[in-house]
Structure formats: C-alpha cells, structure tokens
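# pasting the structure only:
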C-alpha cells in the first residue's frame, strides 16, 4: 500500500482566518452548561485560537462510540473511514492496484483514490476539503463523506469535542427541502454573505403531520469554528404556508417572526467545508413564546422547537472559501 501520511497541519492560518471572518456583532452566548463541563461559546474566540482545533475528537455513529478518533487538520475534519462506515453497516474494501478504497452499504456505493480530494457517491462527484490520507494505517477522509454517502446527520458537541452521526427518521412523512441546491452538495455563492448577494434561500415543505399549527425554519453552521451559529430563524409561520420564497427575508407572511434575520453563509477562508443545515419544524402551536433576545447558537433555540415539534426535516449543504 502506498504510504501517504497525515500532515500535522502546523501552518499558522489563524491571522488569516480572523481577518476574513465576518459575522454579526452578537456572537457571544451565555454560558452553556454541560454535564461534563461549562464553556462560553464565542465564534470570534474560536477563530482567534484557531490552532486549538488541530487536535483529536471523538465520534459516535448511531449511538456506537468509535474507538479510533477523528483528526482536525487546519480545521478540516477527518474521520477514520473503515471504523465509521463499518459501524454504519457498510462494507469497505481497499484496492491496491488503483490505490483506492470503495464502500457499499444500504442505498449507496462510494469510492475515492488515496491522495485525491474527489469522492464518487452513487455516480455523483463531490469535491472535498481534504485528500484521503493514511495515518498509522487508518484511512482518513473528510467528514463530509458521512453525510454524502451514509446519509447520516452530523452534529457537533464543542463541550466534549464529539462529532455525532445518526439516522434521522420521520414517521410522519414530513418533507422539507430547498430548490437552491441538492442535498450534501455546495450552496451557490449568491446565497452567501460578503462574497455573495446574501439572498435568503427558498424553502419548501409538504405532508405536515396531523395537528400541525405552524412551522419554524432555522439555518445554522455545524462546523466547530461556527459552533452551531444561527444564520437564520423564522418562527410562527402560518400553517397555510407551504414554504418561503427565495429572497423573502424581511418580507415574510403575516404572523411569521424573523427571530434571526438572514445572514448568508460566510465561513472563514481556509477553514474547509462548513456544513449548513436548513431545518424545518412542524409545530403543535400557532405561536411560540419567543425569547427576549434572539438566540445566537442552535442549542439555545432547539429546546423550544423540540418541545412543540410534531415533525422535523432538513436539507444539508456545504460551503467553503479557499
């Protein structure tokens, strides 16, 4: 097997990241209490202390703890391919003649060559933020593959440095999507802030569960630097609505409350793929009791949504700046 090692990622990009980060001024959150530790979530601090992220992180797949840890290289999240995919029930093979790996599981096939950033999933080519590399015998690949191939939902726990991948099931058949991009693929620049036009994404939904009285839409960045930073939230959307039109931020249907005005994706340059989640909740009340101040991080808003949720659906996309 060709030996390709995982580089330590010692390039000092923290200044460049800090200078290129653009977020609303309200970036610091209240202390978030965790059963293990208490942290202060602060996006600007995350960027300024960039090199702290070049350390290992733990992984769980559908509740199973993975023995081999993931590695962060210049904030690109790499996961141990075989351990993660096999935990999800997939079969992984190494092909020495082509210096590539392949995997097959329920509803998917995937392959990637060692040293390349491209991965092919069900015939679709995805350009990843890091090449496939070997580290002490483990094939390490971009965490984006977990979503693109396995279809699992990724969540980041900054307090414990755990990346969780889990199946999202919907017994109601509730479905939400955006026509602006395909799931697990790149979100077009025009919806971005700064280098784009900051046009709010179109969102659609159908087959809401019985008893639904309103909808809520939230978009947030799952990447560790952003730490689940909210880019958009709209609550109390009337049940009569079947979506939000492109560019509707600031001129939403009567009754809807834009708790967080649309702030398009704008990940720091060089920080790799950022996962932006566009989620829709079908709720059992027509009006939520809104917080006095807009939440900054998804953990601050999620309990309110979950407490009234009858159905949940999402579409994940990715953005990065070179």
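Happy to help now that I have it. No experiment lies behind these values; they were computed from the predicted model shown.
# Nearest residue to residue 317 in space, ignoring adjacent ones along the chain?
residue 187 (4.1 Å; C-beta to C-beta, 6 or more residues apart in numbering). All C-beta atoms are positioned from the backbone trio N, CA, C, and that covers glycine.
# For burial, what's the neighbour tally of that neighbour?
A count of neighbours around residue 187, defined by other C-beta atoms under 10 Å, yields 24.
# Quick check: which element contains the residue most central in space within the chain?
The centroid of the chain falls nearest to residue 275 when counting by C-alpha atoms, centre = their mean (3.0 Å). Per DSSP states H and E: residue 275 is located in strand 274-283.
# Any regions of the protein where pLDDT drops low?
Along the chain, the parts satisfying pLDDT under 70 run over 1-40, 42-53, 170-171.
# For residue 104, give me its contacts.
90, 91, 110 (C-beta atoms under 8 Å, 6 or more residues apart in numbering).
# Hmm, I typed the wrong one, I wanted residue 61.
For residue 61, the contact set (C-beta under 8 Å, 6+ apart) comprises 84, 87, 88, 152, 165, 166.
# how near is it to residue 270?
28 Å (C-beta to C-beta, to the nearest Å).
# what does residue 222 give?
Distance from residue 222 to residue 270, by C-beta to C-beta: 18 Å.
# of those two, who's got more company?
Shown here are residue 222 and residue 270; by other C-beta under 10 Å, residue 222 has more neighbours (22 against 19).
# does the residue nearest to that one when sequence neighbours are not counted have beta-bridge partners, and which?
Spatially, and ignoring its direct neighbours in sequence, residue 222 is nearest to residue 275 (4.2 Å; C-beta to C-beta, 6+ apart). With DSSP bridges applied, residue 275 shows beta-bridge pairing to residue 318.
# now swap in residue 244 and tell me
Bridge pairing for residue 244 - DSSP bridges - gives residue 203.
# Verify the stated contact: it with residue 216.
No: taking contacts as C-beta atoms under 8 Å, residue 244 lies outside contact range of residue 216: 11.1 Å.
# so what sits against both of the two?
With C-beta under 8 Å, 6+ apart as the test, residue 244 and residue 216 both reach 234, 237.
# ok, back up a step: looks like the residue nearest to residue 317 contacts residue 319 (just checking).
Yes: when contacts are counted by C-beta under 8 Å, residue 187 is listed as touching residue 319 (5.2 Å).
# Name the residues contacting each of the two.
Common neighbours of residue 187 and residue 319, using C-beta under 8 Å, 6+ apart, are 265, 276.
# and residue 149, which of the three is it?
Judged by DSSP: H, G, I helix; E, B strand; the rest coil, the three-state class of residue 149 is helix.
# returning to that earlier point: any idea how far the residue nearest to residue 317 is from residue 138?
From residue 187 over to residue 138 (counting by C-beta to C-beta), the distance is 30 Å.
# Longest helix in the protein, please.
helix 298-307 (DSSP state H).
# Mind giving me the packing neighbours of that helix?
Here helix 298-307 touches strand 28-33, strand 214-221, strand 229-238, going by 3 or more C-beta pairs under 8 Å, 6 or more residues apart in numbering; DSSP states H and E.
# Go ahead and name everything in contact with that helix.
Residues from elsewhere that reach helix 298-307 (C-beta under 8 Å, 6+ apart): 29-30, 32, 41, 216, 218, 220, 228-230, 233, 259, 281, 283, 288-289, 291, 295.
# Equivalent analysis for stretch 172-185, please.
Contacts of stretch 172-185 (C-beta under 8 Å, 6+ apart): 124, 126, 144, 147-148, 187-188, 191, 201-209, 246, 278-280, 282, 310-318.
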